[in-house]
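A.B. asks: Using only what follows, build the 3D model:
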Amino acid sequence: MSKMFTKQGLSVIRIVSIFLISIALVLQVTAVAADKWSEIDSDYRGLPIKAYQSLWTERVLLDKPHAYPRPKNMENDWKKNLQIIEIVCIFVGIVPLSLLLVVSFVTIITRKIVLAAVFRALAIIMTIIASLLIVVGALLYNYQKVKMFSYNARNPASSYPVYDEKVSYGFLLSVISGVLLSLGAVLEISQLVIADARRSTLSQVQPSDESAKEKSDEKC
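C.D. replies: Okay, here's the model as predicted:
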């Protein structure tokens, strides 16, 4: 069993990369489950407006100027695609984490340079895809969150404070998750560059050592 697992592929950079991706996944799961992605606490001509929403729900606490439609008439179909994107990010992020763990600990993989390189390349690609999906999801949410308001409130001529709705902790956690995934990908790329530079250095040093040994043998 001990021959199947090794720590030879586990460098400091790899440890940090795995740690960042793991934290990013935890944050993304927390973000998806969060009850607040944006909130508003404002007023319209002295009449208070207070509400918040997440990927799944909308909650109106105060609506004196009638800025929101009734819950059953509230426009939330736009969230369905966003829910899919944010959940897919989690599963896409699990793939590179698994690949990096395998390439770091499983001897069968680490001893095969080409296969290990393929695993690392796939991990980098999947990490970048996950981070990009999170960015796309965040942009879509930020752009469409005003759809919680009624059509009349969204009309610029009405002067309702629809853009006073600010992003909340769920949104921010998701964005931080995307940033950490990007950092994980950058670190893994640097790991590949460093490993390639070391191989080049070794390939240059070894022939010179052999030639020096041959000259020494000739003198003898």
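A.B. asks: Which parts of this structure are helices?
C.D. replies: In the chain, the helices defined using DSSP state H lie at 12-33, 78-105, 107-110, 113-144, 151-154, 169-219.
A.B. asks: Tyr68: which of these is closest?
C.D. replies: Closest to Tyr68 of the helices of the chain is helix 151-154 (C-beta to C-beta; 7.3 Å). For every residue, glycine as well, the C-beta is placed using N, CA and C.
A.B. asks: same question for the closest one, mean pLDDT?
C.D. replies: Mean pLDDT, helix 151-154: 91.
A.B. asks: and it, which residues are buried?
C.D. replies: Buried residues in helix 151-154, defined by neighbour count with 16 or more other C-beta atoms under 10 Å: Ala153.
A.B. asks: Centre-most residue in this protein?
C.D. replies: Gly178 (3.0 Å; C-alpha atoms, centre = their mean).
A.B. asks: Tell me who's in contact with Phe171.
C.D. replies: Going by C-beta atoms under 8 Å, 6 or more residues apart in numbering, Phe171 touches Ala31, Trp37, Ser38, Ala138, Tyr141, Asn142.
A.B. asks: how far out from the middle of the chain is the lowest-mean-pLDDT helix or strand in the chain?
C.D. replies: The helix or strand of the chain with the lowest confidence, counting by mean pLDDT, DSSP states H and E, is helix 107-110 at a mean of 71. Relative to its parent chain, helix 107-110 has a centroid offset of 27 Å by C-alpha atoms, centre = their mean, to the nearest Å.
A.B. asks: likewise stretch 73-88?
C.D. replies: Chain-centre distance of stretch 73-88: 18 Å, with C-alpha atoms, centre = their mean.
A.B. asks: so where's this structure shaky on pLDDT?
C.D. replies: Applying pLDDT under 70 to the chain flags the ranges 1-10, 110, 195-220.
A.B. asks: Please repeat the previous calculation with a cut-off of 90.
C.D. replies: The chain contains residues with pLDDT under 90 at 1-14, 70-76, 102-119, 156-159, 190-220.
A.B. asks: related to what we said a few turns ago, looking at the helices of the chain, which is nearest to Gly46?
C.D. replies: Using C-beta to C-beta, the nearest of those to Gly46 is helix 151-154, at 16.1 Å.
A.B. asks: and for that closest one, what are the contacting residues?
C.D. replies: The contact list for helix 151-154 (C-beta under 8 Å, 6+ apart) reads Ala67, Tyr68, Pro69, Val146, Lys147, Ser158, Tyr160, Val162.
A.B. asks: Give me the buried subset of these.
C.D. replies: Ala67, Tyr68, Pro69, Val146, Lys147, Tyr160, Val162.
A.B. asks: Alright, calling it a day.
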